[in-house]
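Peer 1: Sequence and predicted structure are below.
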Amino acid sequence: MTPEASNYVSLGQQVVTLFVLALPVASVAWTVTHEAIFREMQDYCRTKSKSCRSVLQRKFFYLFTCEYCFSHYVSGIFLAITRFKLLFPDWRGYLISLFALVWVCNFYISIYNRLRLNIKHEHIAIDKKQLEVESIENGKKAA
């Protein structure tokens, strides 16, 4: 969206853009801060965020361990790339869209995290039930 075109975009289109744009932001923020592909970097940053002498250095490294913190920077990058503005066609539109994008992004991350937790609980329950069945079957075979 060009800066001139943002004057002609309806509020409905802006909201749809906001919710769609939050998906890749959430994906990048979650992947960098939680997924195994970045595990070494996460471990290094976690250690440095606790051991650096400078507060600024500790905060810098903490940024890569917290999806909420990291999502602010990812949102800023995506806003710079897309030039998306919410409600206002000037710098205020960027500011509002930054915080709205972070909020929606973290809403998506919360839903995803809850879904993963529920799936993990289901797997644990299934594994427990499977062990009980195997124990009963082994008991029948022994008898």
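Peer 2: In hand now; what should we look at? On a predicted model such as this, the values are computed, not experimentally measured, just so you know.
Peer 1: now the helix or strand of the chain with the lowest mean pLDDT: how far from the chain's centre is it?
Peer 2: Here the helix or strand of the chain ranked lowest by mean pLDDT, DSSP states H and E is helix 91-142, holding a mean of 86. Relative to its parent chain, helix 91-142 has a centroid offset of 14 Å by C-alpha atoms, centre = their mean, to the nearest Å.
Peer 1: Can you name every helix or strand that it contacts?
Peer 2: In terms of contacts (3 or more C-beta pairs under 8 Å, 6 or more residues apart in numbering; DSSP states H and E), helix 91-142 is packed against helix 11-34, helix 67-82. In this view, the C-beta of every residue, glycine as well, is placed from N, C-alpha and C.
Peer 1: between that helix and helix 11-34, how big is the angle?
Peer 2: 50 degrees (axes from the mean of the first three to the mean of the last three C-alpha atoms, to 10 degrees).
Peer 1: can you give me the angle helix 91-142 makes with helix 67-82?
Peer 2: 130 degrees.
Peer 1: Let the chain start at 754 from now.
Peer 2: Noted, 754 is the first residue going forward, which turns the last one into helix 844-895.
Peer 1: just to revisit the earlier point, do you know which of the helices and strands packed on helix 844-895 lies nearest residue 812?
Peer 2: With C-beta to C-beta as the measure, helix 820-835 is the member of the helices and strands packed on helix 844-895 nearest residue 812 (8.6 Å).
Peer 1: Just the residues contacting the closest one, thanks.
Peer 2: Residues outside helix 820-835 that contact it (C-beta atoms under 8 Å, 6 or more residues apart in numbering) are 754, 774, 777-779, 781-783, 785-787, 815-817, 837, 847, 850-851, 854-855, 858-859, 862.
Peer 1: Give me the PyMOL select line for these, limited to the buried ones.
Peer 2: A single PyMOL command selects the buried members of the contacts of helix 820-835 (16 or more other C-beta atoms under 10 Å):
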select buried, resi 774+778+779+781+782+783+785+786+787+815+816+817+837+847+850+851+854+855+858+859+862
